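Trainee: Sequence first, predicted model second:
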Amino acid sequence: MIRCIAVDDEAYAVKIIADYINKVPFLELAGTTTSAIDALGMVQQGNIDLVFLDIQMPELTGIQFLKLCGSKCKVILTTAYPEYALEGYEHDVLDYLLKPVAFDRFFKAAQKALNYLLPAVLPPSNYTPSAPLPALPDASPNYIFIKGDSKNKFLKVGYDDILYVEGLKNYVSVFTPLQRLITYQTLRDLEAQLPQPPFYRVHKSYIISLNKIRMVDGHTIYIQDQAIPIGETYRDGFYKIIREE
């Protein structure tokens with residue numbers, strides 16, 4: 001087994017990576033943290049093989065972490081900023097995952113780690129497993145948990161039920177055919193949790209489900225009876241996607 005930790009200053013991002021780790025039979029989740037300094041302490045204890053590491057963290061950047069941990073473990077970077085990829089590879093990272101991370105892309109990175117670390121994690125030659133490994137998962141989760149109106153309340157919403165999402169400062173409204181759910185979260189944070197496709201940001205205040213589009217007329221998307229503007233910044237990418245569908 002490859003002993004892993006997930007490190008990100010955003011708790012929801014840590015949860016996503018931790019859930020992914022738990023789905024892969026040859027990975028073992030040894031810990032999670034939102035502090036790069038705490039993660040460095042775990043690595044320095046010498047029993048961590050692989051770190052899934054966010055680059056942009058307040059206490060210690062991912063690049064600084066790489067310099068400090070040296071060869072004690074291997075690292076797979078996770079970030080929303082592709083411009084850091086080259087610098088990461090200069091520090092011998094195994095892979096670079098761009099947020100939001102889809103499970104199939106995560107699994108490819110995990111396989112790359114297995115191939116690299118195989119001699120270190122293989123059991124002795126006379127070892128006989130007591131049971132076969134579980135089958136690999138064949139799909140990512142098809143739902144998301146949205147924080148409710150109390151501390152420990154979370155609402156499970158299927159991706160296929162989401163029509164579109166509207167952001168307003170630190171709140172987002174998630175619209176489904178039956179209800180509107182309001183949660184304290186930024187649109188950017190929620191965007192990182194939603195798979196792309198089918199979800200796509202079309203405006204600074206809107207994320208839509210491509211599957212729910214009824215019509216596109218000029219720079220306006222219609223989902224059911226709701227008219228959603230396409231922001232100028234997002235137009236080229238959006239039109240490219242729908243023309244390739």
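Mentor: Received the coordinates, thanks.

Trainee: in this protein, what spans have low per-residue confidence?
Mentor: Applying pLDDT under 70 to the chain flags residues 81-91, 118-141, 149-152, 244-245.

Trainee: what about 50?
Mentor: Within the chain, the stretches with pLDDT under 50 are 85-86, 88-89, 121-127, 129-139.

Trainee: At the geometric centre of it, which residue do we find?
Mentor: Geometric centre of the chain, nearest residue: Val101, 3.6 Å, by CA atoms, centre = their mean.

Trainee: Go ahead and confirm that one touches Ala80.
Mentor: No - counting by CB atoms under 8 Å, Val101 stays clear of Ala80, with 9.9 Å between them. Heads up, the C-betas are built off the backbone N, CA and C, glycines and all.

Trainee: Can you get me a residue count around the residue nearest to the residue nearest to the centre of the chain when sequence neighbours are not counted?
Mentor: Nearest residue to Val101, sequence neighbours excluded (CB to CB, 6 or more residues apart in numbering): Thr78, at 6.2 Å. For Thr78, the count of nearby residues is 28 (other CB atoms under 10 Å).

Trainee: now Thr78: how far from Arg3?
Mentor: Distance of Thr78 to Arg3, computed by CB to CB, to the nearest Å: 18 Å.

Trainee: same question, Lys156
Mentor: 30 Å.

Trainee: Return the list of helices and strands in contact with whichever strand or helix holds the residue nearest to Val101.
Mentor: Taking DSSP states H and E as the definition, Thr78 sits inside strand 74-79. Contacts defined by 3 or more CB pairs under 8 Å, 6 or more residues apart in numbering; DSSP states H and E place strand 74-79 against strand 50-54, helix 62-69, strand 95-98, helix 103-121.

Trainee: Could you export these as JSON lines, including mean neighbour count and distance to Asp225?
Mentor: Formatted as JSON lines, the helices and strands packed on strand 74-79 follow (neighbours: other CB atoms under 10 Å; distance: least, CB to CB, whole Å):
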{"stretch": "strand 50-54", "mean neighbour count": "28", "distance to Asp225": "40"}
{"stretch": "helix 62-69", "mean neighbour count": "18", "distance to Asp225": "45"}
{"stretch": "strand 95-98", "mean neighbour count": "19", "distance to Asp225": "35"}
{"stretch": "helix 103-121", "mean neighbour count": "15", "distance to Asp225": "34"}
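
Trainee: Make CSV from these and add distance to Ile230 to it.
Mentor: Below are these laid out as CSV (distance: least, CB to CB, whole Å):
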stretch, distance to Ile230
strand 50-54, 30
helix 62-69, 34
strand 95-98, 23
helix 103-121, 27
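
Trainee: ok, the closest residue to Tyr20 other than its chain neighbours to Ser205 distance?
Mentor: Distances taken as CB to CB, 6+ apart put Phe106 closest to Tyr20, at 4.7 Å, once the chain neighbours are dropped. Computed as CB to CB, the Phe106 to Ser205 distance reads 29 Å.
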